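**Student:** The sequence and its predicted three-dimensional model are supplied below.
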Amino acid sequence: MTTAQPPATDEVKAFFDQWQIYDLILRHDYMAHRGIQTTLRQSLTATQFTAIDLLDLGCGDSSLVVNTLAQLPIRSYTGIDLSPVALSKARQNLKAVPYPVTLLEADFTTALAQFKPNSMDIILLGFTLHHLQAPRKQHLLSQCRTLLRPAGSLYLYDVFRRDGESREQYIRAYCAHSDANWSGLPAAALQAAQTHLATHDYPETYASLSALAEQAGLQGTAQPAFQDAQGFHCLFQFTPAPEPQ
């Protein structure tokens, strides 16, 4: 693992407060949100939940829930994000939904302590885990395991290193990929995104994520439920592992 210093929360927040950059990335589907959302919707639609308490970590503007998961039987929604700009948009996006909404401006790595164990059916963790170093990742995954009900699921979608790829190799490969394909971003926005990546991205491989999840008491498959053509952007589903007898 890298020995670089963990990212500064204020610096990560500052990048996402420039919501227009991330909004362009979303609109052009540069991070495979459409494929991730389609797979997520299909998976959740196939579940037998009659009422879902949903926790969205790094919720951004909550457009995923409003646009992709609108047909699910959501009983309550809690979104946590660092960015007040994103949360302001989330409030607008969620104002017409028929279920109770709680939006928290907070660092979810510390905010989760306020929630009761076994209180969530679904936890979404989207494009945020990679900002943490491995010990904090495992701690967060352990917190998610504690919050999930026995039949619940954690859906984790993020950026990943490919097998055998170092962090430095990942940064070079991802920047080359974005140089070649993110033509819809102005040059300054692309530079800001790449600077953020080089400074704050600490992605896992599929294997190392699965190992962290297992150590946290979660189980799932070693391969993602969705991955894009390059293998950078993936969705995993984890469920609580049975308690040892």
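**Tutor:** Done, it's in.

**Student:** got any ranges where the chain has weak pLDDT?
**Tutor:** For the chain, the stretches flagged by pLDDT under 70 are 1-19, 245.

**Student:** quick one: contacts for residue 193?
**Tutor:** For residue 193, the contacting residues are 21, 25, 178, 182, 185, by CB atoms under 8 Å, 6 or more residues apart in numbering. The way it works is simple: take the backbone N, C-alpha and C, and place the C-beta from them, glycine included.

**Student:** Tell me which two of those residues sit farthest apart.
**Tutor:** Maximum pairwise distance among those (CB to CB): 12.0 Å, between 21 and 178.

**Student:** sec struct for residue 79, please.
**Tutor:** strand (DSSP: H, G, I helix; E, B strand; the rest coil).

**Student:** dump the residue contacts of it.
**Tutor:** Residue 79 sits next to 56, 59, 62, 65, 87, 90, 101, 102, 103, 104 when contact means CB under 8 Å, 6+ apart.

**Student:** which non-adjacent residue is nearest it?
**Tutor:** Nearest non-adjacent residue to residue 79, counting by CB to CB, 6 or more residues apart in numbering: residue 59, 3.2 Å away.

**Student:** got the phi/psi numbers for residue 237?
**Tutor:** Per-residue torsions, residue 237: phi -120, psi 130 (degrees, to the nearest 10).

**Student:** quick one: the spatially closest residue to residue 113 that is not a sequence neighbour and residue 176, what's the gap?
**Tutor:** Closest residue in space to residue 113, ignoring its immediate chain neighbours: residue 143 at 7.7 Å, by CB to CB, 6+ apart. Going from residue 143 to residue 176 by CB to CB, to the nearest Å gives 35 Å.

**Student:** quick one: which of the two has more around it?
**Tutor:** Neighbours were counted for residue 143 and for residue 176 using other CB atoms under 10 Å; residue 143 has more, 21 against 10.

**Student:** May I have the helix or strand hosting the more buried one as PDB, with CA atoms only?
**Tutor:** Applying DSSP states H and E as the criterion places residue 143 in helix 134-147. Extracted as PDB, the C-alpha positions of helix 134-147 are listed here (Å, rounded to 0.1, in the frame of the first residue of the first chain):
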ATOM      1  CA  ALA A 134      -6.700   1.000   3.900                       C
ATOM      2  CA  PRO A 135      -7.200   1.000   7.800                       C
ATOM      3  CA  ARG A 136      -9.900   3.700   7.500                       C
ATOM      4  CA  LYS A 137     -11.500   1.800   4.700                       C
ATOM      5  CA  GLN A 138     -11.800  -1.300   6.700                       C
ATOM      6  CA  HIS A 139     -13.100   0.700   9.700                       C
ATOM      7  CA  LEU A 140     -15.800   2.200   7.500                       C
ATOM      8  CA  LEU A 141     -16.700  -1.200   6.100                       C
ATOM      9  CA  SER A 142     -17.000  -2.600   9.600                       C
ATOM     10  CA  GLN A 143     -19.300   0.300  10.500                       C
ATOM     11  CA  CYS A 144     -21.500  -0.500   7.500                       C
ATOM     12  CA  ARG A 145     -21.600  -4.100   8.600                       C
ATOM     13  CA  THR A 146     -22.800  -3.000  12.000                       C
ATOM     14  CA  LEU A 147     -25.600  -0.800  10.600                       C
END
